[in-house]
Each structure stands twice: as structure tokens, then as C-alpha cells.
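What follows is a protein structure lacking sequence information:
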DNA sequence: TGAAAACCAAGTAAAATACTCAGGAATGAT
DNA sequence: ATCATTCCTGAGTATTTTACTTGGTTTTCA
């Protein structure tokens, strides 16, 4: 179980989806603006999430992404595994032949730690996160912005922000 | 607390030192051969370990490295922190202003996990590892090889291995 | 028909990792 | 004294991963 910003991006995006569950599908454009992740990068991440059976996309206007399973049965570990192709790790990648066909000195230690991390992340679901007070608080702030966008009050700001992002990235 | 092969190299090398504690100082050349890590890379890692006050080097023939503290008071977390310059992590690197000066959705989750990993690794010392049966087993095998080297029985093999490593790396 | 969205493939810039190379400086053994 | 051994230092490099860009194609609603 590796821990990178890539996995974090995926979890954040999935959480965004979970928070909007029940409403219309969420577009990647929407997530890109909200979580400040590049749209094309999100597309790549979602290709993997889709292949892992975690999300379903619908095309065309009004389309977007939805969770493919109940949010209470999607663990954080699942999400991270979906996007983190289990890079070789060079040594101790899971096989016990890390050093000349034998276990290296610290083999058991890393396996133990990896197991602990997995257990921790596997015990937490998107559903649980959605119910956490601090997540709700952040989500409400973001929802206010989103609402502003939809009613057109902040349209100008967004177009400008979009232009800026376009020039920056 | 990041987890990379770099940190693993460092822990493995430190464990090697701990296993030889009480005998003559261990040379990096020795570790390089035993753990199959490049000598120059080891030198860089040990520069950091030294700056962190974890090892002491003595120069000249018969020199090498020794632990600078009791092995029971050196935690794995300490070793990893010493070599892993806390790369920015781009988001959620520890500061709570990961997204426009505000916490991002999953901020607390990552902080919580990071804390858990640290606790786990901080609770394990080199001393404990040295006493683990599986470590002792691997160490004994490696010690046999080392012994062979010193008595000269395997000298040729080593010189050859060295030459091969030299051409490969 | 056309815009909005997912989908797809290839390429790229920046950063981190894992080294190499080329020395210099201290120290023990001869 | 000199030499081999060892630590120590700094600069450079190859590879990999991350994060992103570009430029499309396809589906679907209106």
C-alpha cells in the first residue's frame, strides 16, 4: 500500500462524488474546479477508478460520474489501490525474494507495516468520511461556491479563474 | 512520514550496524556488499544519518561506522526521518492550508494516517529488531558469508562479484 | 445539429530516486 | 614518511514517477 498524492487526489475526488450522491452526476470539470486538480489528470484517474468498478460515467450533457457501489462499501484502501499501480518497490514488493532469492533483513518489518496501513485504510469507507463533522464543514463551504456558480452569481469569477488556470497549467 | 526504498535502505544499513555492535566498526563497503546497495549511495545516506546524530564514523584503516546511541533508543521512525527530507507532499504536507488557505476535504484523514504510521515506526527500535527471530536467522546467514570473506575462503568470489557490480553500476 | 460531457492515446515537464564520478582528508599500519 | 584504507564531499546523471498537456473521438441530450 503506497501513499502518494495520486492516491489522495483519487480519494478526494471520490469523496466529492459521495457528497453529491443522490443529486445529478458530478462532472470532472466540477471536481477539477472544486479540488483544484487538472481535468485531464482527473480523466486518467477516473479511467482507473472505472476499470476498478468504483464509478460509472454517463456521457453527454447532464452526464458525469456516479459511484458504482454504495458509499459504505467503498473503502479508502480500494480507491488508492485502484489508481496506484503497485510499483515494483524495487525490494520487498511483496515477494520474499528481495535479496538474492532470500528475505532481506527488514522484510518482515515492511510487510507488517504495509499490513497495518492497509488495515487502517480498509476500515474506513467513503460513507464514514461523509459523516465526519470536519468533512461536512469543508463540504458546506465548497457547496456554497458551487451553488453560487449554478445561480450565475459567481459566473464571472469562474470564467476568470478558469482562464487563469488555463494559462498556468 | 513517507515510505520509500530510501528509508528502507537506511533502516537495513542501521540494522546491519546494530547486529555488529560491540565488534569493530562496520565499513560501508561491508554493508554495500552484504545488503547490495551502492557504496556511494550509502555514503550519501550515512552523511545524513551522521548529521542526525545516529551514527559516528572513524576514518582510516580499521575504521567504519558505529551507532552513536544505544540501539534500544533508536527508533525506526528516527532513521527514516533522517534520510527522508520531508518532501513538500504538494498538498497536506502538514500545514492545514492545502486548498486556497483552507483544509482540503481529506486533510484530517491523511494527518490521522500519518500519525498512525509514525506511532507504529516510533514504537519499534533497532534493539527490538535485532532480537527478532527472523532477523537473527537472516543475520546468521549473512554472517557466515562475511566470515568466509574474512578467512579468505571466498575471497575470489567477492573480487569477482565486485568486478561484476562495478561493470553493472 | 451542436454543445456537453465522457473517453482515449501520446507526449512532456518537473521532481524524486538511485545512483556514478572524481576527488579530498584523516588515520592506522609498514 | 608513505601508503592503503576509510570516511567525507560535491557535482553530475539515468531512470522512474508524478502531474499535467495536447489533440483528438464518441456518446447523448436538447
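Yes, it's here. In this text, all values refer to a predicted model and were calculated from it rather than measured experimentally. Numbering: from 1, shown residues only, chains lettered A, B, ... in the order given.

Quick one: name the residues of chain A near chain B.
Residues of chain A that fall close to chain B, judged by CB under 8 Å from any CB of the partner chain: A:2-3, A:5, A:8, A:11-12, A:15-16, A:35-36, A:76, A:89-92, A:99-100, A:102-110, A:113, A:116-117, A:120-121, A:124, A:129, A:132, A:134-135, A:138-139, A:141-142. C-beta coordinates here come from the backbone N, C-alpha and C atoms, glycine included.

Can you report how many residues lie near residue A:140?
When neighbours are defined as other CB atoms under 10 Å in any protein chain shown, residue A:140 has 10 of them.

That one is in what secondary structure piece?
Per DSSP states H and E, residue A:140 falls inside helix A:133-151.

looking only at pLDDT, what's the mean for that helix?
Helix A:133-151 shows a mean pLDDT of 72.

returning to that earlier point: take the residues of chain A next to chain B and keep only those in helices.
Residues from those lying in helices, with DSSP state H as the criterion: A:5, A:8, A:11-12, A:15-16, A:35, A:76, A:107-110, A:113, A:116-117, A:120-121, A:129, A:134-135, A:138-139, A:141-142.

Of these, which ones also sit close to DNA strand D?
residue A:5 (CB under 7 Å from any atom of the strand).

what sits against the closest residue in space to residue A:121 that isn't next to it in sequence?
Among residues not flanking residue A:121 along the chain, residue A:77 sits closest, at 4.0 Å (CB to CB, 6 or more residues apart in numbering or on different chains). Residue A:77 makes contact with A:1, A:118, A:121-122, according to CB atoms under 8 Å, 6 or more residues apart in numbering or on different chains.

Now restrict the residues you listed to buried residues only.
Among the contacts of residue A:77, those classed as buried by 16 or more other CB atoms under 10 Å in any protein chain shown are A:1, A:121.

For residue A:70, grab phi and psi.
The phi and psi values for residue A:70, taken as degrees, to the nearest 10, are phi -60, psi 140.

separation between it and residue B:42?
50 Å (CB to CB, to the nearest Å).

So which of these two has more stuff around it?
residue B:42 (21 against 12).

That one against residue B:34, yeah?
No - Residue B:42 is not in contact with residue B:34 according to CB atoms under 8 Å; the separation is 10.8 Å.

pLDDT weak spots in chain A?
Counting by pLDDT under 70, chain A shows low-confidence ranges at A:85-103, A:145-169.

Is it correct that residue A:56 is in contact with residue A:50?
Yes - using CB under 8 Å, residue A:56 is in contact with residue A:50, at 7.2 Å.

tell me, what's touching those two both at once?
Common neighbours of residue A:56 and residue A:50 (CB under 8 Å, 6+ apart) are residue A:68.

Cool, thanks, signing off.
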